[in-house]
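# got a predicted structure plus its sequence, pasted below:
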Amino acid sequence: MVLSLWAESMPDAAVEAALPSLSASGLGIGLSLPSERLGDRAFAKLTRKAAQAGVSVRVWPLLPRERGYWIGEANVEETRELLLALLDWRAKRGGPVFEWVSFDLEPDYAYSESLRRAARRRPDKVLGMLSEHVRPTRFAKARASLARSVQTLRRAGVSAHAVTYPLVLDQREGDTTLEDALSIPVSGIDWDEVSFMVYQTPFAQLIGTWLGPALVSSYAKTAVARFGARAGIDVGIVGDHGVGIDPGSRYPNASALRVDLAASLAAGIPLERTRVYGLAGVLDSGGVAAWLSEAPRAAAPNESRMVEGFRNAVRGIATGLCAMARQA
């Protein structure tokens, strides 16, 4: 198998201890790099040990929570400075070993938490909150900055991977108003891969029921239609780990994860562009072999009216935002 697992804020020793089982199963990792660890010899050493074990690493930069934590419209210049320093570190003797950088494009931490609470408690407030964040000029500048950062990476021989909310697939192709409202520039940038976090857990918390592989299939098909061979997907959540995620529905077993992976495969996304969140949860819930020893086979699920109804609601929000932006 050639898919990867996200490793967020895990102790280096725990990641290192997992390398043999990851290697045996042909798995890679997306390894978080908090900005304060830039230049950390232990982090660089961990990436080299992963490479020696045959475990591919994508570096996943993260900022302090007060600076947004994830990458978005408000911190693109800070992100650019971080990436330049990361490339400089990579070029030095003893630096980290990686060929990909993952841009985790999400609303900044405070905004994300506000949206999450409103969606569950006051959904009538969500459209207004989103519309207040539509700032086309600022958004365009942020997108241009990210595009420059991607080109800088590529000139250094590093590929750029965007990972973001699947909801942006519910805006009309060519429109970026929903991205603007969420402060996450995605479209119009020459990413090497664009993947979407179709995590069952937050959808189940929002809607009140587990949506299953139909959710993955629906968004995966749209991702492939829009981004072609660059489309990727992220599924989860395994275990009780995740910033901004309340305790709640998790994958109950490996079979539930496997049918989601099978649905994504059937939609046209290969395992090479598939990731599972996350490594910590897998290790705490039986280990790599228990969850990912059996390679999935492509299998398309039945369509779901509930999934389509949810996506239509998001499309309605996107349309409403466009109308409000035109009137502003």
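Nice, I can see it. Residues are numbered from 1 along each chain as shown.
# residues contacting Tyr73?
For the record, residue 73 is Glu, not Tyr. Shown in contact with Glu73 (Cβ atoms under 8 Å, 6 or more residues apart in numbering): 135, 138-139, 142, 180, 183-185. For glycine as for every other residue, the C-beta is placed from the backbone atoms N, C-alpha and C.
# kindly report the same for Val163.
Val163 neighbours (Cβ under 8 Å, 6+ apart): 102-105, 194-197, 232, 234, 275.
# do Lys221 as well
Lys221 touches 267-268, counting by Cβ under 8 Å, 6+ apart.
# only the buried residues of whatever helix or strand it lives in, if you could.
Assigned by DSSP states H and E, Lys221 belongs to helix 213-227. Residues 213-224, 227 are the ones in helix 213-227 that count as buried (16 or more other Cβ atoms under 10 Å).
# and the helices in this protein?
12-24, 41-53, 76-91, 109-121, 126-132, 136-155, 177-182, 200-207, 213-227, 254-267, 279-284, 288-292, 305-327 (DSSP state H).
# report all helices and strands that the last one contacts.
If I follow you right, that is helix 305-327. helix 126-132, helix 177-182, helix 200-207, helix 213-227 (3 or more Cβ pairs under 8 Å, 6 or more residues apart in numbering; DSSP states H and E).
# so how far is it off the chain centroid?
On the basis of Cα atoms, centre = their mean, to the nearest Å, helix 305-327 sits 22 Å off its chain's mean C-alpha point.
# show me the contact partners of that helix.
So helix 305-327 is in contact with 126-127, 130-131, 134, 136, 167, 170-172, 175, 177-178, 180-181, 203, 207, 209, 211, 214-215, 218, going by Cβ under 8 Å, 6+ apart.
# likewise for the second one?
Surrounding helix 41-53, the residues in contact under the criterion Cβ under 8 Å, 6+ apart are 12, 15-16, 19-20, 22-23, 29, 31, 33, 37, 56-57, 59, 89, 94-98.
# mind doing that once more with 10 Å?
Applying Cβ atoms under 10 Å, 6 or more residues apart in numbering, the contact partners of helix 41-53 are 7, 12-13, 15-16, 18-20, 22-24, 28-29, 31-34, 37, 40, 55-57, 59, 89-90, 92, 94-99.
# report the buried residues of that helix.
43-44, 46-47, 49-50.
# and the residues you listed as a markdown table, adding pLDDT and distance to Ala110?
A markdown table is the format used below for these (pLDDT from 0 to 100; distance: Cβ to Cβ, whole Å):
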| residue | pLDDT | distance to Ala110 |
| --- | --- | --- |
| Phe43 | 99 | 27 |
| Ala44 | 99 | 31 |
| Leu46 | 99 | 30 |
| Thr47 | 99 | 31 |
| Lys49 | 98 | 36 |
| Ala50 | 98 | 33 |
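# which one of those sits closest to Thr79?
Phe43 (17.9 Å; Cβ to Cβ).
# quick check: the closest one vs Glu66, distance?
Phe43 sits 22 Å away from Glu66, going by Cβ to Cβ, to the nearest Å.
# could you do Trp6 as well?
For Trp6, the distance to Glu66 - Cβ to Cβ - is 23 Å.
# and those two? Which one has more around it.
Ranked by neighbour count (other Cβ atoms under 10 Å), Trp6 and Glu66 place Trp6 first, with 27 against 9.
# and the gap between that one and Glu99?
Taking Cβ to Cβ, one finds Trp6 at 17 Å from Glu99.
# ok, now Ala160?
Distance from Ala160 to Glu99, by Cβ to Cβ: 11 Å.
# neighbour count: the two, which is higher?
Each of Ala160 and Glu99 has its neighbours counted (other Cβ under 10 Å); Ala160 has more, 23 against 13.
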